[in-house]
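[1] Quick one, what's the 3D model for this:
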Amino acid sequence: MPKGRPRSEEARQAVFQAVLDLVNESGYSALTIEAIASRSGVGRPTIYRWWGNKGELLTEAYIERTDANPDLEVPDHGSLEKDLFYFFPRLVTYLSGPSGKVVLAILLESQLVADFEAGFRNLMGRRWKMLEGLFVRALRRGELEEIPPIPVYEAAYGALYFRQLSRHAPLDWAFGEDIARLVLSMLKKTY
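    Next up, the predicted model:
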């Protein structure tokens with residue numbers, strides 16, 4: 001629990017917006033607490049008091065904004081196939097925009113900076129649960145006999161993040177559909 005006065009929600013949101021904007025404009029390596037303070041209008045001591053480091057701050061800002069994004073919610077379409085073809089193209093499209101730069105920063109820095117590891121695991125856990133929710137629905141509808149094994153999740157997200165890292169081809173709607181087909185193909189071979 002942070003010491004001192006409770007966080008002002010307005011200041012907290014200003015800091016989150018400043019962090020996300022700065023990473024999108026200049027990348028994570030150029031992000032400094034001084035720049036965040038200047039952009040947000042929130043003092044450096046306050047930022048240091050509320051967050052242990054800029055990695056923690058970036059991850060918290062991104063997760064909060066992602067959790068509040070209705071574009072990533074998947075309504076029940078009545079079948080796993082329809083749910084997957086709704087989910088993956090939207091996720092891929094979402095990551096092809098400004099949010100993708102933030103995810104890349106978290107992904108890359110988590111491999112190099114210990115401060116990021118917990119945040120990265122939290123972020124990946126949330127992504128995992130989004131896909132798992134679709135599988136749970138399919139299980140309840142009788143489309144699956146059990147929740148798919150871990151390699152199905154890893155293949156889906158591995159393909160997505162490899163494309164994002166390598167940039168050898170676009171992150172677009174068609175690629176999202178390819179991931180949905182990949183998952184369905186693995187499920188047919190698994191069950």
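[2] Quick one: mean pLDDT for the top helix by length along the chain?
    Longest helix in the chain, counting residues (DSSP state H): helix 114-141. Taken as a whole, helix 114-141 carries a mean pLDDT of 86.
[3] what's the burial count for L22?
    As a burial measure, L22 scores 21 neighbours (other CB atoms under 10 Å). All C-beta spots, glycine's among them, are computed from the backbone N, C-alpha and C.
[4] Name the residues that touch the helix or strand hosting it?
    Assigned by DSSP states H and E, L22 belongs to helix 9-26. Helix 9-26 is touched from outside by 30-31, 35-36, 39-42, 46-47, 50, 54, 57-58, 60-62, 64-65, 98, 101-102, 105, with contacts defined as CB atoms under 8 Å, 6 or more residues apart in numbering.
[5] Domain ranges for this structure, per the record?
    Domains of the chain are assigned by automatic domain parsing as 9-51, 69-190.
[6] Pull the contacting residues for the spatially most central residue of the chain.
    By CA atoms, centre = their mean, the chain has its centre lying nearest to L123, at 5.4 Å. Shown in contact with L123 (CB under 8 Å, 6+ apart): T59, Y62, I63, T66, V103, I106.
[7] Just give the number of residues close to the fourth one.
    If you count neighbours by other CB under 10 Å, T66 ends up with 18.
[8] Could you tell me how far L91 is located from F175?
    Remark: distance between L91 and F175 (CB to CB, to the nearest Å) = 10 Å.
[9] Which one of these two is surrounded by more residues?
    Neighbours of L91 and F175, each counted by other CB under 10 Å, are more numerous for L91; the result is 23 against 19.
[10] can you give me the mean pLDDT across the strand or helix carrying the more buried one?
    Assigned by DSSP H and E, L91 belongs to helix 80-96. Taken as a whole, helix 80-96 has an average pLDDT of 94.
[11] what's it packed up against?
    Other helices and strands packing on helix 80-96, by 3 or more CB pairs under 8 Å, 6 or more residues apart in numbering; DSSP states H and E, are helix 114-141, helix 150-166, helix 173-190.
[12] would a markdown table of these with distance to F16 be doable?
    As requested, the helices and strands packed on helix 80-96 are exported to a markdown table (distance: least, CB to CB, whole Å):
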| stretch | distance to F16 |
| --- | --- |
| helix 114-141 | 14 |
| helix 150-166 | 22 |
| helix 173-190 | 27 |
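[13] and the angle from the longest helix of the chain to helix 173-190?
    60 degrees (axes from the mean of the first three to the mean of the last three CA atoms, to 10 degrees).
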